[in-house]
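Colleague: What follows is a predicted structure for the sequence shown.
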6 protein chains.
Amino acid sequence: MRIVLSLGGSILAKNLDSDRFLKYAKALRDISKKHTLLVVTGGGEAARDYIGAARAIGADEVTCDYIGIEITRLNARLLIAALGPDAYPEIPSNYLEASKAMTSGKIVVMGGVTPGQTTDAVAAILAEYLRADLLTIATSIDGVYSSDPNCDPSAVKFDKISPEKLISIVMAIEMKAGSKSPVDPVAAKIIERCKLDALVMDARNPDLLLEVMGGETARKSPLSCGTWITAKK
Amino acid sequence: MRIVLSLGGSILAKNLDSDRFLKYAKALRDISKKHTLLVVTGGGEAARDYIGAARAIGADEVTCDYIGIEITRLNARLLIAALGPDAYPEIPSNYLEASKAMTSGKIVVMGGVTPGQTTDAVAAILAEYLRADLLTIATSIDGVYSSDPNCDPSAVKFDKISPEKLISIVMAIEMKAGSKSPVDPVAAKIIERCKLDALVMDARNPDLLLEVMGGETARKSPLSCGTWITAKK
Amino acid sequence: MRIVLSLGGSILAKNLDSDRFLKYAKALRDISKKHTLLVVTGGGEAARDYIGAARAIGADEVTCDYIGIEITRLNARLLIAALGPDAYPEIPSNYLEASKAMTSGKIVVMGGVTPGQTTDAVAAILAEYLRADLLTIATSIDGVYSSDPNCDPSAVKFDKISPEKLISIVMAIEMKAGSKSPVDPVAAKIIERCKLDALVMDARNPDLLLEVMGGETARKSPLSCGTWITAKK
Amino acid sequence: MRIVLSLGGSILAKNLDSDRFLKYAKALRDISKKHTLLVVTGGGEAARDYIGAARAIGADEVTCDYIGIEITRLNARLLIAALGPDAYPEIPSNYLEASKAMTSGKIVVMGGVTPGQTTDAVAAILAEYLRADLLTIATSIDGVYSSDPNCDPSAVKFDKISPEKLISIVMAIEMKAGSKSPVDPVAAKIIERCKLDALVMDARNPDLLLEVMGGETARKSPLSCGTWITAKK
Amino acid sequence: MRIVLSLGGSILAKNLDSDRFLKYAKALRDISKKHTLLVVTGGGEAARDYIGAARAIGADEVTCDYIGIEITRLNARLLIAALGPDAYPEIPSNYLEASKAMTSGKIVVMGGVTPGQTTDAVAAILAEYLRADLLTIATSIDGVYSSDPNCDPSAVKFDKISPEKLISIVMAIEMKAGSKSPVDPVAAKIIERCKLDALVMDARNPDLLLEVMGGETARKSPLSCGTWITAKK
Amino acid sequence: MRIVLSLGGSILAKNLDSDRFLKYAKALRDISKKHTLLVVTGGGEAARDYIGAARAIGADEVTCDYIGIEITRLNARLLIAALGPDAYPEIPSNYLEASKAMTSGKIVVMGGVTPGQTTDAVAAILAEYLRADLLTIATSIDGVYSSDPNCDPSAVKFDKISPEKLISIVMAIEMKAGSKSPVDPVAAKIIERCKLDALVMDARNPDLLLEVMGGETARKSPLSCGTWITAKK
């Protein structure tokens, strides 16, 4: 299978702990024995520190996005270092470069691409472009809920959901100015438009990544640690 | 004032009519006497033809986006030709390049930037990055309605609207898988997040552009031919 | 054998018919089973439409060339989409990039390179650079004539011709200001200087491409549907 | 006036004599007081040495062209050094970059652009693109002759000639495989197609450049040291 | 005067304190009223954190250098944000780009350029390339000592020193494997080779920068807070 | 083994003798049968000619460095031509590109990278980045001496030396302003910091390269024609 993995900065780069990078690298190396793998790394704490400083200085939001992209790329470089010769040596900076890098057969690692696009959106676009069999959004929450669980105690987690349902949940959350859904609206739109199979999962523990994606079929269902998004019955 | 104008391909490049290009160029040249101007051109018919062929061939949606971007850039080049020495000679391909080009004092014209971002989103990002006083979305519809007027005969046009209200309208329309709102959700998010002053207007007639944006303050309100989006009372 | 094919836009992109693209892709895929293949796509109708609009707007000829190059690249992208995984995913934009792309073993597809060079000239330069065994100019005419058959009813088609003879025919036609020879003068010069084996053929029917180039030796002679240009006796 | 000058490497870079560079720089600086100036430098001896070595090694002609381009750019860099702050600091590598550089108001200096195009052709393309008033080809011969004076003792030099006449002379010389006309055929074609005013002159003496181009109108006619090519009566 | 300033990351980006950035920006803005200014920003703490993580992961030293360069560029972007419209909007990534950016008349800010070159070396190369009147190395130590003051209590600070003397001090310190001199050896070599006027100063307090460089001549001598390096008597 | 070879321009490009290029190419091709090989070419005579002209014209030292880099790249191109299909077709222009090129399995050839870095320093950085087993500096002198043999008749050549010893010798020579050590100080620093195994050897005779590096282990010790630098006992 061909898998695109959006690996959240908050779980990968927590405290810039080298051990965490090495553990994720180990899990990815094992997954790559069965599957072709492209990883999009997020920003995490360093991104928040730098962006916080930028805002305090008076920077516009696009400059903040550029700073965030640089941090995602720094995290990508650390992950490449941890993967050693199993990783493609360069960080693609756009979709065409990613596509070329994939012909190497190595694990390709990249960060953000352009202001106005989250790394989740980047991963979804790549999943469509590379015709991936699976898009995994690895983060610190355990799936998609019927509403924002932080505000609504009656929110229910889904084990499995259709792309259309995802769209309606995401947009309902986004309707409130300033609030944020677990899946980026651009990513959700692409999942729906392209009928991508996607997985939103809690991957704070790197072993869980391997457990869920390490098998031949790279998925188990129903999924207790996340939500499957699929147009298939 | 500093103005970013998203100029729809359907109104600019209709039938690739050279006369239309020259008329829009004339209007823009007049507006630029009072204001600093960056124009983002859309795709229009040629984009639809090429993307239609690409889909029939079996291309993925990201390839279609790349094709669309090329067409927006062809339209940008034609508009630059029509503007002659008043235009910056090169088409910026990203936000940083646009920012550098703006130091020339000339009218800067560009097209799309990356798959997954409409030219309206590009224009909104540029408006924030360049700290523009106004974002104008010039299209073939006359503003923002309470719901999709094609589906709902009771839809009411707004003369003026707050960014929060825009978000709730846009996301409500986008909740239905496959449907499209008059303002791109990414653009709407940016307008809301950055408190941009924006204008959605029917600009099928180039003279209307000049009429609305040619004055010192570049706006009249209430606006019969469009909708003002502003956080100001 | 290593083959460089200049595939005219007028035959490839006629009416942007997706079926034609798919048929040429099929023929090329079959040829690539026996030979290494680089394809240079021409512009065709869309190029003429856009360039016509540009001239009407008052654009200079170099801008028109840039527009033409963009269209050749759009056609290249459609052909890449039609070839799917058999094509190299990126369009080289110059000779060095083409040379690198050829190390992938895939069918490489590209368009124009620079103003002042036709896609036939690009293909001839590539044939020399990649030390190709054959340069095929696939177009809508069936070979090289002793003079321009549109003006001279006594013009005779050649089945086979020497590079020196080609030069004298091409330059004689080009002597008349404004007239155009079947082979671009730059391409003719390169064919002569580098002693390239070249073939000018009518390839309006994709099957004919396969018939002529699909065999082990990739040529039959004498050739009823085209003209062989060769320094060999 | 806006002038594009093709400055032959054989006259500029003879023996890599720093004095010659400084003298040409002085002449160009004086000319630039009256006119806007873009200079395209040729290769000269070093190009011939390197290309000779490359051929002896077995390099193809395109590699030789790439080597030649690098040498033209080295000569450009020396001329930029000689011009000091009057020159634009970077060497444009294509037509778009040249166009941007010209907005600086400084003397722009560049070399070759792509294999298959001589620096004379580059200068002609630039003259068209920048809508120059004059294209000067400064070389070691004193103009255009009715035939190749090296082969034909009855060859007659022209003081003034039409673009159509130029085409017929150039192509007649080029008809003989291996022979070379004083004006590159691509340059001749562009001169004819775009109705450029051009001047082919002997500029082995830098003072002559200033004498011919230093006045308000930048030309004297009839010209004893060269040939005027013009569509004007 | 034209000044190149190497602004150490440890003093600029300490704790990513937005206030510090704004204070340095204010001082630079004031200096730029009298002088033309290019600033090279160093890495500081974030660089150390990221490079520490990279080493712990097992990254090679060149990868660590690339990471350090990215952090210097992030600091450059924050300083550009703090300078607002007084700064050139883009970060040059090499010397040619810096040279072009300087034609804008704005304060140019950049970071590291290539592995194996410290930002002090970058600043020295730029000072030579731009023919700057002064190279200032602003850091947390108050000048050049006769030997390493951390190891040798008898080390004496110089108020003024010749480039030759600098070389002999720097290389004597560098002779001990692993030890580091206050001025990078590459920077020292360039200062000596090109006879640059340089200043090594304690600039932990931004006001001191303005005090030393804000005057017409941009220097006071002898200098209590730093060391002048000059070939002049 | 993975070997990075710094091949001095003075020995490779002497008189631009095509025969020498072909002989070095033959030796490298033979070495590459046992080892993975990256070659960094120096400048040599042409560099000295061009740089001499540049200095006479009044160019700054950074411009001279840029010119030198271009010449090293011309020499690289000639060597690539001599190696034919055994060489990677493009010249990497930085370390990341070199790293990507090495995935091709071909002999990679490149020149200088940036002003302020000699090709020896480039080779050392590459040896660290690519984790090479050996860095060979092939030049016209037969190793490292205890002091500069041109000034000091009592200078003694070392067969083997530690990186720490190398540093102390190099810096002692560099202490004298204007003098130059056999190993560039930046290269020496990297050799010491990264504990690289390095070899400085007289390779005026291409056969010697093969003799020393052509075996399985690529080294014989003690070495009469050069000096081994190693941290190993």
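Modeller: Arrived safely.
Colleague: Please count neighbours and contacts with C-alpha atoms only from this point.
Modeller: Noted.
Colleague: Contact partners for the closest residue to residue A:104 other than its chain neighbours?
Modeller: Leaving aside its sequence neighbours, residue A:104 sits nearest to residue A:88 (CA to CA, 6 or more residues apart in numbering or on different chains; 7.3 Å). By CA atoms under 8 Å, 6 or more residues apart in numbering or on different chains, the residues touching residue A:88 are A:80, A:101, A:104, A:106, A:107, A:108, A:109.
Colleague: likewise residue A:201?
Modeller: So residue A:201 contacts A:136, A:137, A:138, A:139, A:140, A:141, A:142, A:143, A:225, A:226, A:227 (CA under 8 Å, 6+ apart).
Colleague: can you give me phi and psi for the nearest residue to it once chain neighbours are set aside?
Modeller: With CA to CA, 6+ apart as the criterion, residue A:201 has its nearest non-adjacent residue at 4.0 Å, and that residue is residue A:226. The phi/psi pair for residue A:226 (degrees, to the nearest 10) reads phi -170, psi -170.
Colleague: Spell out which parts of chain A neighbour chain B.
Modeller: Taking CA under 8 Å from any CA of the partner chain as the criterion, chain A approaches chain B at residues A:60-63, A:114-116, A:125, A:128-129, A:131, A:164, A:167-172, A:174-178, A:186, A:192-194.
Colleague: Whichever of those end up buried, select them in ChimeraX.
Modeller: ChimeraX command restricting those to the buried ones, with burial defined by 16 or more other CA atoms under 10 Å in any protein chain shown:
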select /A:60,61,62,63,114,115,116,125,128,129,164,167,168,169,170,171,172,174,175,177,186,192,194
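Colleague: and the gap between the residue nearest to residue A:201 and chain F?
Modeller: As judged by CA to the nearest CA, to the nearest Å, residue A:226 and chain F stand 37 Å apart.
Colleague: show me where chain A has strands.
Modeller: A:2-7, A:36-41, A:108-110, A:134-139, A:160-161, A:198-202, A:226-229 (DSSP state E).
Colleague: Can you list the strands that the fifth one pairs with?
Modeller: Taking DSSP bridges as the criterion, strand A:160-161 sits next to strand A:226-229 (parallel) in its sheet.
Colleague: go on, the first one?
Modeller: Looking at strand A:2-7 with DSSP bridges, its paired strands and their directions are strand A:36-41 (parallel), strand A:134-139 (parallel).
Colleague: Burial check on the closest residue to residue A:13 other than its chain neighbours, number of neighbours?
Modeller: In this structure, residue A:13 finds its nearest non-sequential neighbour in residue A:44, 6.1 Å apart by CA to CA, 6+ apart. Counted with other CA atoms under 10 Å in any protein chain shown, the neighbours of residue A:44 add up to 21.
Colleague: contacting residues around residue A:44?
Modeller: A:8, A:9, A:10, A:11, A:12, A:13, A:14, A:72.
Colleague: And stretch A:88-104, end to end?
Modeller: 7 Å (CA to CA, to the nearest Å).
Colleague: List the buried residues in it.
Modeller: A:88, A:89, A:90, A:91, A:92, A:94, A:95, A:96, A:98, A:99, A:101, A:102.
Colleague: Export the residues you listed to JSON lines and append columns for pLDDT.
Modeller: Shown next, in JSON lines, are the buried residues of stretch A:88-104 (pLDDT from 0 to 100):
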{"residue": "A:88", "pLDDT": "95"}
{"residue": "A:89", "pLDDT": "92"}
{"residue": "A:90", "pLDDT": "93"}
{"residue": "A:91", "pLDDT": "97"}
{"residue": "A:92", "pLDDT": "97"}
{"residue": "A:94", "pLDDT": "97"}
{"residue": "A:95", "pLDDT": "97"}
{"residue": "A:96", "pLDDT": "94"}
{"residue": "A:98", "pLDDT": "97"}
{"residue": "A:99", "pLDDT": "94"}
{"residue": "A:101", "pLDDT": "94"}
{"residue": "A:102", "pLDDT": "94"}
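Colleague: if we take those, which one ends up nearest to residue B:53?
Modeller: residue A:96 (20.4 Å; CA to CA).
Colleague: Can you give me the pLDDT of the residue nearest the centre of chain A?
Modeller: Note on chain A: the residue nearest the mean C-alpha position is residue A:6, at 1.8 Å, using CA atoms, centre = their mean. Per-residue pLDDT puts residue A:6 at 98.
Colleague: is it in a bridge, and if so with what?
Modeller: residue A:40, residue A:137.
Colleague: Show me what stretch A:182-192 is in contact with.
Modeller: Outside stretch A:182-192, the residues that reach it (CA under 8 Å, 6+ apart) are A:117-118, A:120-125, A:128, A:143-144, A:163-164, A:166-167, A:170-171, A:174, A:196-198, B:116, B:177, B:186.
Colleague: Kindly apply the preceding question to stretch A:137-147 instead.
Modeller: A:5-8, A:10-11, A:120, A:155-159, A:169, A:173, A:182-183, A:198-204, A:225-227.
Colleague: mind listing what's buried in it?
Modeller: Buried residues in stretch A:137-147 (16+ other CA under 10 Å): A:137, A:138, A:139, A:140, A:142, A:143, A:144, A:145, A:146, A:147.
Colleague: which one in the residues you listed is the model shakiest on?
Modeller: Here the lowest pLDDT out of the buried residues of stretch A:137-147 sits on residue A:147, with 85.
Colleague: any idea how far it lies from residue A:71?
Modeller: 30 Å.
Colleague: Understood, closing this out.
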